[in-house]
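Enquirer: my questions concern the predicted model and sequence given below.
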Amino acid sequence: MKNNEFDVNRVYGIIKSYYVDKMPHPTDFSAIDAINIFIKRYFNSDSYLEKIDNETYKYHGVTEMPTDDWDALVYMYTQREIDFFQNEKNILDLVSDVIELQKWLVSENYISKDGVIKGKMVDNLNLV
């Protein structure tokens, strides 16, 4: 993995969530849409990434820490989201990892060529 935050199983989870949401319909894969689904679910956030052009992405969302620091878990997740997604290199690396792993999953029959999740992916919570 090029990115420094998400291991192969978490990237697999990003891709799997995307296809489960689209199931059973064929879909054209979008790494940005997959990451945005992940942000919404994992960070419980309305933040999102926008693709400006081929190599430029913009993070829209949380820029300040919550004031209610009594909830340490929310505080920690918010800090991780801000730290990671406000760095464009992190975004580029994650997008690259998602795209490349998705291609590999298609070649290994986890996902059909027309963009439908297969039983192999449904059955496996983690890749490794």
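Expert: Alright, I've got the coordinates.
Enquirer: what's across from residue 51 in the sheet?
Expert: residue 57 (DSSP bridges).
Enquirer: list the contacts of residue 96.
Expert: 2-3 (CB atoms under 8 Å, 6 or more residues apart in numbering). In short, each C-beta sits where N, CA and C put it, glycine included.
Enquirer: with residue 59 instead?
Expert: Contacts for residue 59 were tallied using CB under 8 Å, 6+ apart; they are 47-49, 85-86, 91.
Enquirer: tell me the centre residue of this protein?
Expert: Residue closest to the average C-alpha location in the chain (CA atoms, centre = their mean): residue 35, at 2.8 Å.
Enquirer: that one: which element?
Expert: Following DSSP states H and E, one finds residue 35 within helix 31-42.
Enquirer: which stretches of this protein have low pLDDT?
Expert: Within the chain, the stretches with pLDDT under 70 are 44, 62-75, 77.
Enquirer: how about the strands in it?
Expert: 48-53, 56-60 (DSSP state E).
Enquirer: would you turn these into a markdown table with distance to residue 117?
Expert: Below are those laid out as a markdown table (distance: least, CB to CB, whole Å):
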| stretch | distance to residue 117 |
| --- | --- |
| strand 48-53 | 22 |
| strand 56-60 | 25 |
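Enquirer: between those strands, which one is nearest to residue 111?
Expert: strand 48-53 (21.3 Å; CB to CB).
Enquirer: next, the angle from the closest one to helix 31-42.
Expert: With axes from the mean of the first three to the mean of the last three CA atoms, to 10 degrees as the basis, strand 48-53 and helix 31-42 are set at 170 degrees to each other.
Enquirer: now for strand 48-53, which elements pack on it?
Expert: Counting contacts by 3 or more CB pairs under 8 Å, 6 or more residues apart in numbering; DSSP states H and E, strand 48-53 packs against helix 31-42, strand 56-60.
Enquirer: so the shortest one versus helix 31-42, what angle?
Expert: What that stands for is strand 56-60. Going by the same axes, to 10 degrees, strand 56-60 makes 20 degrees with helix 31-42.
Enquirer: now strand 56-60: buried residues?
Expert: By neighbour count on 16 or more other CB atoms under 10 Å, the buried set for strand 56-60 is 57, 59.
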